[in-house]
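Asks: following is a predicted model, sequence given first.
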Amino acid sequence: MNQSPNEPPIVAMNLSTPFDTATSQDLLRRFEPVLQFTRGERFFPADVDSYLASCSLWVQQPDTQPVCLVPTGELSASMLGNIHRAETYASAATAEPPTLPAHDHERNVFFLKYAEPLGPADLAQYQREWRQKERDNLEYHFRAGRGRLARVGYFSRLVDALFSISLFGRGRVPGDASAAAALGYEQRLSSNERYCYYGRVVQQGPWLVLQYWFFYYYNNWRTGFAGANDHEADWEMISIYLTRREKPPCGGTSTTDDTGPKYKEPEVYDNQLGHVFDEQTAPKPVDIMCYEPEWIAYASHDYQGDDLRRHWLDPEVDKVGEHPVIYVGAGSHAAYYRRGDYITEWAIPFLAPAIDVTSRIRQFWRETLRQYANQQRTRRTSNIFLIPFVDYARGDGVIIGPSAQLTHITDRAVKPWDKPRLLTTDTPWLSHYRGLWGLYTRDPFSGEDAPAGPMYNRDGSIRTSWYDPTGWAGLDKVLPASQERAAVQARQSALQQSCIALTESIQAKEATLRNVSLDLEALRRQQDLFALVSQYEVQVEGLSKEVQQLRANLATEQTLLHALNDYAQQLSRITATDAETMPPAFLRSHIHRAHMPEPESRQYDNLLAEIWSAASIGLIMIAFVFSIFFFPPGYMVTSAVFIVYLVGAIEAGFRRRLGGFASSSAVIFAVFAALMLLFEYAWQTLIVGALLIGIYLIWENVRELWA
């Protein structure tokens with residue numbers, strides 16, 4: 001978010017760009033993904049040039065109004081890349097650079113502004129036209145299905161209501177800005193229909209990483225699909241991790257056109273510099289067909305590390321040939337492996353302590369009080385202070401991908417990809433501009449603020465996915481399958497040598513310990529040698545601890561060696577390219593928390609439950625207001641408890657959990673009654689308790705004496 005005007009771009013030192021532009025583009029096109037959108041989606045992957053041509057550039061300085069640096073229609077990618085030069089932009093009125101206090105550069109927020117809100121007449125006309133499109137073409141018709149509020153409990157709906165009310169008091173994108181952005185994007189498509197992605201090819205350790213970045217004009221998750229937020233501009237990304245395997249077909253590169261991969265003569269290059277050389281000076285030819293995918297990772301809401309990635313052979317990953325399928329969230333543009341409706345829970349920062357407390361209460365309720373011990377636990381355990389939103393990734397809308405590979409498997413129209421645009425640190429607009437790519441609303445939750453570019457976070461720091469693409473997906477600790485067996489064998493050999501060395505050390509230490517123990521026994525039988533005896537006792541104790549530690553280390557390494565032997569046998573039975581021979585543990589053992597779609601059987605309830613979930617918050621608030629007027633002041637607490645209990649009973653009825661509700665109510669009432677008795681009869685309880693404990697101790701001691 002912050003931008004220093006003279007700051008040079010930062011280059012990740014542990015990454016290298018191994019290929020020239022043509023080879024990188026061939027690799028990207030070989031594995032370019034298939035994007036399946038949900039019906040009603042209005043924004044699709046676009047190029048930044050057309051977006052910037054419709055944007056204005058602004059700067060927000062502390063305690064002042066935003067200043068327009070470049071008006072709409074004059075901004076370009078090259079100008080954005082030279083933002084660190086003051087002479088790049090000029091005030092539209094004075095044709096001179098605006099005054100920016102030098103000492104406040106670290107607090108300046110640069111941002112773009114794309115859409116000016118529509119007027120009432122234009123907004124009404126656009127909405128009428130969109131409804132007509134929905135009637136004429138199913139591709140535009142979106143049906144939410146079961147409401148998100150019907151999927152969660154009452155308290156979560158209450159927190160959601162407070163979150164919705166907070167939109168009036170915090171920074172947000174105007175609701176009609178979504179319609180203005182959609183209208184502008186439609187006009188751009190009508191004049192030049194083009195769908196593109198930005199690609200990055202880097203080598204990090206043993207992995208060749210292909211990053212696919214998708215840019216959207218707008219995120220209309222809130223206004224279009226009842227999601228959490230809206231914001232101008234949206235960057236989404238997936239990564240594919242390749243490893244080189246020396247096996248046929250090698251010796252030729254692959255080029256990709258509308259008919260699929262083809263071979264061509266290898267283009268010779270320098271692996272480090274990317275320059276083309278003679279056959280005599282080049283280390284080896286390029287052959288992208290020798291690179292095979294092993295892992296893939298989709299960026300998604302609130303997931304990180306190991307939970308982001310899947311093995312290429314995981315059945316959860318849908319593919320068309322070598323092209324992975326992405327089910328794109330409606331409006332949010334998050335990427336999912338499976339089609340369906342996903343519950344995404346958002347945490348408000350200031351509610352973090354309450355979330356922690358309720359999680360501990362739930363743990364106490366389940367583990368200590370053993371409630372629901374005999375019931376099957378649901379796949380998703382929600383917290384009442386987390387706000388639920390539904391991300392619709394149904395894949396029943398527009399399809400974008402390599403059209404030649406898709407036309408024979410689907411009757412739906414496929415939008416073809418334009419040629420890949422390469423991203424490197426030498427791209428000026430990528431590395432020099434750290435500002436936001438859309439409107440800066442000053443939202444304290446940052447949900448309505450536009451994101452920064454592929455290289456930076458909103459605060460100006462470098463994205464983990466940019467400087468550490470393998471660590472971002474938890475792959476920095478994983479070896480390619482082609483190297484794993486050799487690594488296991490090397491580890492086995494090292495452990496065997498270590499066990500031999502430990503055994504020899506134990507034998508030597510044991511001999512020393514026995515000798516020193518003999519010396520100690522001899523000294524103990526002599527008079528007036530107390531100081532020497534104490535010295536030898538300390539020595540014996542130290543040697544004994546050393547021997548015990550060495551034995552523990554040996555036992556640990558022998559256990560590890562045994563496990564490695566079993567693991568090596570399992571690896572020997574696995575064919576790396578055959579999913580049928582790959583045990584599930586090899587494919588999914590790294591996943592701690594998998595994000596799965598809601599089961600279809602749970603996606604639709606009866607209409608009465610839908611109406612109750614939508615109206616319950618307002619009804620309960622009205623009931624509380626009526627209780628204030630119709631109940632005496634002394635019965636306010638009683639009436640509140642009654643209303644809450646009634647709501648709980650209705651909720652349990654709709655969710656078919658009346659039995660569990662009755663059991664929980666009995667436990668709660670019993671605990672409450674016990675606390676009331678303790679409060680009313682505290683001294684009597686202490687006296688009776690002390691008497692009972694005393695009698696019990698006497699009985700135990702006497703019984704032991706008689707025994």
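Replies: Everything's here; your move.
Asks: domains in the protein, by residue range?
Replies: Annotated domains of the chain cover 21-348+385-472, 481-588, 600-689 [automatic domain parsing].
Asks: so which of those domains is the most surrounded?
Replies: Neighbour counts (mean count of other Cβ atoms under 10 Å) averaged over each of the domains of the chain peak at domain 21-348+385-472, with a mean of 18. Bear in mind the C-beta positions are built from the backbone N, C-alpha and C, glycine included.
Asks: now do the same end-to-end measure for that one.
Replies: End-to-end distance of domain 21-348+385-472 (Cα to Cα, to the nearest Å): 25 Å.
Asks: same question for it, mean pLDDT?
Replies: Averaged over domain 21-348+385-472, pLDDT sits at 79.
Asks: next one: that domain to chain centre, how far?
Replies: Mean-position distance between domain 21-348+385-472 and its chain equals 15 Å (Cα atoms, centre = their mean, to the nearest Å).
Asks: what's the answer for stretch 483-490, then?
Replies: Between the centre of stretch 483-490 and the centre of its chain there are 31 Å (Cα atoms, centre = their mean).
Asks: show the backbone phi and psi for residue 314.
Replies: phi -60, psi 130 (degrees, to the nearest 10).
Asks: so who does the residue lying closest to it once chain neighbours are set aside touch?
Replies: Excluding the flanking residues, the one nearest residue 314 by Cβ to Cβ, 6 or more residues apart in numbering is residue 587, at 4.8 Å. Going by Cβ atoms under 8 Å, 6 or more residues apart in numbering, residue 587 touches 310-311, 313-314.
Asks: tell me how far the residue of the chain most remote from its centre lies from residue 535.
Replies: Going by Cα atoms, centre = their mean, the residue of the chain most distant from its centre is residue 527, 73.3 Å out. When distance is defined by Cβ to Cβ, to the nearest Å, residue 527 is 16 Å away from residue 535.
Asks: can you tell me the SS state at the most centrally placed residue in the chain?
Replies: Central residue of the chain (Cα atoms, centre = their mean): residue 303, 2.1 Å from the mean position. Following DSSP: H, G, I helix; E, B strand; the rest coil, the label given to residue 303 is coil.
Asks: contacts only, for it.
Replies: 593, 595.
Asks: ok, now how distant is it from residue 586?
Replies: For residue 303 relative to residue 586 (Cβ to Cβ), the value is 21 Å.
Asks: now do the end-to-end distance for stretch 223-230.
Replies: End-to-end for stretch 223-230, by Cα to Cα: 7 Å.
Asks: contacts for it?
Replies: 40, 42, 142, 144, 148, 172-173, 175, 177-178, 218-222, 330-332, 344, 346, 387, 389-392, 447-448.
Asks: stretch 125-142 now?
Replies: By Cβ under 8 Å, 6+ apart, the residues outside stretch 125-142 that reach it are 38-40, 118, 179, 182-183, 224-225, 330, 392, 397-398.
Asks: mind doing that once more with 6 Å?
Replies: Residues outside stretch 125-142 that contact it (Cβ atoms under 6 Å, 6 or more residues apart in numbering): 39-40, 179, 183, 397.
Asks: got it, and stretch 205-215?
Replies: 45-46, 48, 197-202, 235-242, 291, 454, 469-470, 480.
Asks: what about the contacts of stretch 125-142, which are in helices?
Replies: Within the contacts of stretch 125-142, residues falling in helices by DSSP state H are 179, 183.
Asks: can I get the contacts of stretch 125-142 in JSON lines including distance to residue 664?
Replies: JSON lines is the format used below for these (distance: Cβ to Cβ, whole Å):
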{"residue": "39", "distance to residue 664": "40"}
{"residue": "40", "distance to residue 664": "40"}
{"residue": "179", "distance to residue 664": "46"}
{"residue": "183", "distance to residue 664": "51"}
{"residue": "397", "distance to residue 664": "42"}
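Asks: kindly indicate which of the contacts of stretch 125-142 lies nearest residue 55.
Replies: residue 183 (15.3 Å; Cβ to Cβ).
Asks: and the gap between that closest one and residue 221?
Replies: Residue 183 is 18 Å from residue 221, by Cβ to Cβ.
Asks: now do the strands in the stretch 201-350 of the chain.
Replies: Ranges of strands within the stretch 201-350 of the chain are 207-219, 231-244, 253-257, 260-264, 291-298, 309-311, 319-320, 323-328, 335-336, 340-347, based on DSSP state E, counting those that start in this stretch.
Asks: looking at these, which is nearest to residue 665?
Replies: Short answer: strand 340-347, nearest of those by Cβ to Cβ, at 26.3 Å.
Asks: can you tell me the strand partners of the closest one and which way each runs?
Replies: Within its sheet, strand 340-347 is paired with strand 386-393 (antiparallel), according to DSSP bridges.
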